[in-house]
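>>> I need the structure of the sequence given here:
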Amino acid sequence: MAVAVHWFRHGLRLHDNPALKAALDDAEEFYPVFIFDGQVAGTKLCGYNRWKFLHDSLTDLDNQFKKVGGRLYVFEGDPSEVFSRLFEEWGVKKLTFEQDPEPIWQERDNAVKKLCDDQGVECIEKISHTLWNPTEVINRNGGTPPVTYAIFRHVTYGIGLPDKPTEDPEFSGIKLPVSNSFKKFALPPIEELAPEDEFKGERINKWIGGETRGLELFDIRMKIEQAAFKAGYCLPNQYKPDLLGPPMSLSPYLRFGCISIRKFYWTIMEVFKEVRKDEPSYQLIAQLIWREYFYTMSVGNDKYDQMEDNPICLNIPWYNNENHLEHWALGKTGYPWIDACMVQLRREGWLHHVGRHAVSCFLTRGDLWISWEEGLKVFLKNLLDADWSICAGNWMWVSSSAFEKALQCPKCFCPVRYGRRMDPSGEYVRRYLPVLKDMPLRYLFEPWKAPKAVQEKANCIIGKDYPLPIVDHRDVSKRNAGMMDDVVSILKDNVIPHCAPSDESEVRSFVWLPSHLSAGGRCTANELCDGIMGL
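This next block holds a predicted model:
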């Protein structure tokens, strides 16, 4: 009997899953499998919110398999050891899985491929977590990753358009056995997997993981984009970042593979053409291309998430200040905009990109001068959509560790002025820092300047109920700019193949700065914050 297994890791979906379809081709019996190995899907460093999203996604998969008469089999242990037993017990002839291109997964996957070869099991790996095969991009570029975004676009243009999504899988005529003792293979309760929920379910915004919810949000997102196209502009969430709305972003669903990146790419391109009767510019899918770029840059570089021995990262002498790091991570810096962002991140597992840029800059080159590696650890633990390569790439960028030519501008993310720009009513800060809910808007973003009488009336004494600033932004930003100049000066004669943006448009797309406003006219950088034109 032709018995096939599909191994889920990322790619937690049924739609546009070519590896899943390959498993079903010519199969008489089929088993879907997920294995907890201590690292899969980012579980090595994973807080409650990320665990919950993953658990939701696996529950959704199990429910979908129930509808066709099967179940999702869940195991714990080393994948090679698990499959060695299953190949013999189930008589497996074919194993399929979606490619995980990042270097941290290669030892695991190579071991399983060798096992398949040794035991005569057909092993099929398909590419669908990325738009292009990162290895092909590197090969087309002469064997090295493209060190600029422009070169990456040029190389992928030569490869051609991404493949279109595959058809949905068909399970008719295929047995999906459910063991009489299936209970021992069922997905364990979240309480047995995740660390304790420190917030005890108290969240304003609650994310629901899984393909089913992801597709619902996908349909909503496409309608929003369609309305923007009809109004004459693109990327509506870049014009007016929605910090207070319900969970709508698709990035966590793309990160876990609940939504196909190819489905997103082709649908938004087709909607644009249908509405505008024109070919879309690359700006429409710029964020998707950045995702591809960071995946490709990480291939073959297992030091990509650290500064030492990372060939694309500047070696900057950051401070080691555990006290400042802890205050930043817990949202107790004394800067309400920064603290509100960090509280939302820890409580809900989410933070809008404008908030991510603000807190990242504050930790690194802007204020605290602490290594981006420490910030990466916090994001990988808490942020729902934190991907190893993309998250590390973002941190290297914002900290000027891999893009120092572009971001010599500490004023860009002033923790006071930038907060006022992004949260002009103060509603966001008051939501996540209720201790400041009665502080007048005039003082909300720098409450230490409020007269004692105002603090007493607001029931918030600064230094007692809410902390004083742990640093003086004006002083440390000047100091840090000088230290970064020193770093650049020391390294200016060295040949460092680190990444760099090619022009202003690339910087704009990265920091969510649109080229044109929905009301008409060009978006100038200083409409967001003073000094950002220094980008």
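>>> CA only for contacts and neighbour counts going forward, please
Will do.
>>> Wait, a strand at residue 4?
Yes. Under DSSP: H, G, I helix; E, B strand; the rest coil, residue 4 falls within a strand.
>>> in the sheet, who's paired with it?
Beta-bridge partners for residue 4, by DSSP bridges, are residue 30, residue 94.
>>> Check the gap between it and residue 182 for me.
18 Å (CA to CA, to the nearest Å).
>>> Who has more neighbours out of the two?
Just comparing residue 4 and residue 182: by other CA atoms under 10 Å the higher neighbour count belongs to residue 4, 29 against 13.
>>> What distance do you get for the more buried one to residue 78?
Applying CA to CA to residue 4 and residue 78 gives a distance of 20 Å.
>>> go on, residue 379?
26 Å.
>>> Mind checking which of those two has more residues around it?
Neighbour count, other CA under 10 Å: between residue 379 and residue 78, residue 379 has more, with 29 against 14.
>>> I'd like to know how far the more buried one sits from residue 86.
36 Å.
>>> Can you list the residue ranges for strands in this structure?
If DSSP state E is used as the criterion, the strands of the chain fall at 3-8, 29-36, 73-76, 92-98, 122-126.
>>> Using JSON lines, lay out these together with mean pLDDT.
Shown next, in JSON lines, are those (pLDDT from 0 to 100):
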{"stretch": "strand 3-8", "mean pLDDT": "98"}
{"stretch": "strand 29-36", "mean pLDDT": "98"}
{"stretch": "strand 73-76", "mean pLDDT": "98"}
{"stretch": "strand 92-98", "mean pLDDT": "98"}
{"stretch": "strand 122-126", "mean pLDDT": "98"}
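>>> Redo the ones you listed as JSON lines? Include distance to residue 17.
What follows is the strands of the chain, written out as JSON lines (distance: least, CA to CA, whole Å):
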{"stretch": "strand 3-8", "distance to residue 17": "10"}
{"stretch": "strand 29-36", "distance to residue 17": "13"}
{"stretch": "strand 73-76", "distance to residue 17": "18"}
{"stretch": "strand 92-98", "distance to residue 17": "8"}
{"stretch": "strand 122-126", "distance to residue 17": "9"}
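>>> out of those strands, nearest to residue 447?
strand 29-36 (46.4 Å; CA to CA).
>>> Now do the closest one against strand 3-8, angle only.
Orientation of strand 29-36 against strand 3-8 (axes from the mean of the first three to the mean of the last three CA atoms, to 10 degrees) gives an angle of 30 degrees.
>>> Give me the contacts around strand 29-36.
Strand 29-36 is contacted from outside by 1-9, 23-24, 70-79, 174-177, using CA atoms under 8 Å, 6 or more residues apart in numbering.
>>> and with 6 Å instead?
The contact list for strand 29-36, computed with CA atoms under 6 Å, 6 or more residues apart in numbering, reads 3-8, 72-76, 174-176.
>>> Skipping its backbone neighbours, what lies nearest residue 43 in space?
residue 51 (7.3 Å; CA to CA, 6 or more residues apart in numbering).
>>> Mind pulling up the pLDDT for the closest residue in space to residue 416 that isn't next to it in sequence?
Take residue 416 and drop its neighbours on the chain: the residue closest to it by CA to CA, 6+ apart is residue 445, 5.5 Å away. For residue 445, the pLDDT comes out at 98.
>>> Count the neighbours of residue 451 for me.
11.
>>> Ok, the one 10 residues further on next?
The burial metric for residue 461, expressed as a neighbour count using other CA under 10 Å, is 22.
>>> what does residue 3 give?
So residue 3, with other CA under 10 Å, has 22 neighbours.
>>> The residue nearest to residue 416 and residue 370, how far apart?
For residue 445 relative to residue 370 (CA to CA), the value is 23 Å.
>>> What is the burial count for the residue nearest to residue 22 when sequence neighbours are not counted?
Leaving aside its sequence neighbours, residue 22 sits nearest to residue 96 (CA to CA, 6+ apart; 7.0 Å). Look at residue 96: counted by other CA under 10 Å, it has 23 neighbours.
>>> thought residue 96 was touching residue 9?
No. The criterion here is CA atoms under 6 Å, and residue 96 misses it with residue 9 at 11.1 Å.
>>> Give me the below-cutoff pLDDT ranges for the stretch 101-250 of the chain.
Residues of the stretch 101-250 of the chain meeting the criterion pLDDT under 70: 236-239.
>>> Going by distance to residue 56, which of the contacts of strand 29-36 wins?
For the contacts of strand 29-36, the nearest to residue 56 is residue 72 (13.0 Å; CA to CA).
>>> neighbours of the closest residue to that closest one other than its chain neighbours, just the number please.
Excluding the flanking residues, the one nearest residue 72 by CA to CA, 6+ apart is residue 62, at 4.9 Å. Using other CA under 10 Å, residue 62 is surrounded by 19 other residues.
>>> Roughly how far does residue 62 sit from residue 480?
51 Å.
>>> Residue 200 too?
39 Å.
>>> In terms of neighbours, single out the busier of those two.
residue 480 (19 against 8).
>>> any chance you could map the helices in the stretch 51-200 of the chain?
79-90, 106-119, 134-140, 149-159 (DSSP state H, counting those that start in this stretch).
>>> Deepest-packed of those, please.
Of all the helices of the stretch 51-200 of the chain, helix 134-140 carries the top mean neighbour count, a mean of 18, counting by mean count of other CA atoms under 10 Å.
>>> Any figure for the gap between the nearest residue to residue 35 once chain neighbours are set aside and residue 188?
What sits nearest to residue 35 in space, not counting adjacent residues and going by CA to CA, 6+ apart, is residue 75, at 4.7 Å. From residue 75 across to residue 188, the span is 10 Å (CA to CA).
>>> residue boundaries of the helices in the stretch 251-400 of the chain?
Using DSSP H, counting those that start in this stretch, helices in the stretch 251-400 of the chain cover 251-255, 261-276, 286-298, 322-330, 336-348, 353-361, 372-382, 388-398.
>>> Make TSV out of those helices and add distance to residue 216.
Formatted as TSV, the helices of the stretch 251-400 of the chain follow (distance: least, CA to CA, whole Å):
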stretch	distance to residue 216
helix 251-255	11
helix 261-276	13
helix 286-298	20
helix 322-330	33
helix 336-348	20
helix 353-361	22
helix 372-382	24
helix 388-398	25
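>>> Compare those helices and give me the one nearest residue 157.
helix 286-298 (11.6 Å).
>>> For that closest one, the averaged confidence score.
On average, helix 286-298 scores 92.
>>> that older thread, who wins for most neighbours among the contacts of strand 29-36?
residue 4 (29 neighbours).
>>> who's in contact with it?
Taking CA under 6 Å, 6+ apart, one finds 23, 30, 92, 93, 94, 95 in contact with residue 4.
>>> again with residue 92
3, 4.
>>> separation between the residue lying farthest from the centre of the chain and residue 281?
Within the chain, the residue lying farthest from the chain centre (CA atoms, centre = their mean) is residue 453, at 43.6 Å. Residue 453 sits 55 Å away from residue 281, going by CA to CA.
>>> Dump the contacts of residue 4 to a markdown table, plus distance to residue 337.
Output for these, formatted as a markdown table (distance: CA to CA, whole Å):
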| residue | distance to residue 337 |
| --- | --- |
| 23 | 49 |
| 30 | 51 |
| 92 | 55 |
| 93 | 56 |
| 94 | 53 |
| 95 | 49 |
